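Novice: everything below, folded, please.
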Amino acid sequence: MQAFPVRNKQKSADICQAFLDGAPKDATGTVFYGVDESNMDAWLSCNLDGWLSSRCDFWYIDNSYTDPQRGTYFRVTHNAMQHSGRGTSDGRRFRALGLEIKPWRRAGTHIVLCPQSQSFMRLAGYYGDWTADTVVALNKVSDRPIRIRLWSADKLKLAQTLHDDLRGAYCLVTHSSAAAVTAILSGVPAICTGACVSSRMSGTLGDIDNLPMPYRLTWAGVLADNQWTLGEFRDGTAWRMLND
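Specialist: As a prediction, this is how the structure comes out:
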């Protein structure tokens, strides 16, 4: 197994190494935590379209699915950028996080729009202006005011203000951001325009006046079962759970 961390980013190197430390010596595949120009060649060699069409075995690590655990837990997916959100769970790891699943909100005034970075959107295969395009599409199907959250590299700070924007919100719209997880757990319906862990809990722009409000407990358990601490990387817990 070989890692391709982002060059000159110690955090990326440390997280990749922690995962390697917990893997069997005969494990195979390529490990990434973050992708930029420094490791793009390795990334593209594993992906036919730079996104989800795998041409070799890889493990992708990123920040936790749940915002309160950002910086403490890290998600890992095999041959994909995010988990599908499908599966079963005994719920123990989710309960240990101490997170609440709030009742679905059936009314609200505004739409929260959560863009992601331009570099991420290019990695996802979207080369237009997602924010502008989505505003135009929303205005065609809804007259609700749109509150745009400007992207920031300071994810922790950004996460701290999300609940303020969700207060009184009708729904949240994003491409594949973890902000959708926060919204869904908070009882705010979501729309995801890209494939992500929240897709199966979300609606589409065409559903804007009748957004789905599905049962969430099993899904939340699956999320928690697919994110781990660095200690759980190193002691092999993550590897064992990924390969059960």
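
Novice: spatially central residue for the chain, please.
Specialist: Compute the mean C-alpha point of the chain, and by CA atoms, centre = their mean the closest residue is Ala178, 4.2 Å away.

Novice: could I get the full set of helices for the protein?
Specialist: With DSSP state H as the criterion, the chain has helices at 10-22, 40-46, 92-97, 118-123, 130-141, 155-166, 179-185, 217-224, 230-234, 237-242.

Novice: mean neighbour count, the ones you listed: which tops it?
Specialist: Stretch with highest mean neighbour count among those: helix 179-185 (a mean of 25; mean count of other CB atoms under 10 Å). All C-beta spots, glycine's among them, are computed from the backbone N, C-alpha and C.

Novice: point out where the protein drops to low pLDDT.
Specialist: 47-55, 156 (pLDDT under 70).

Novice: who are the neighbours in contact with Arg200?
Specialist: Taking CB atoms under 8 Å, 6 or more residues apart in numbering, we find Arg200 in contact with 84-86, 214, 219.

Novice: from the residues you listed, which is closest to Ala96?
Specialist: Using CB to CB, Trp219 comes nearest to Ala96 of the contacts of Arg200, at 16.6 Å.

Novice: the residue nearest to the centre of the chain and Asn63 touch, don't they?
Specialist: Yes. Using CB atoms under 8 Å, Ala178 is in contact with Asn63, at 7.0 Å.

Novice: okay, and the common contacts of these two?
Specialist: In contact with both Ala178 and Asn63: Arg70, using CB under 8 Å, 6+ apart.

Novice: quick check: the closest residue to Ala180 other than its chain neighbours vs Ser38, distance?
Specialist: In space, and not counting its chain neighbours, Ala180 is closest to Ser198: 3.8 Å by CB to CB, 6 or more residues apart in numbering. Distance of Ser198 to Ser38, computed by CB to CB, to the nearest Å: 29 Å.
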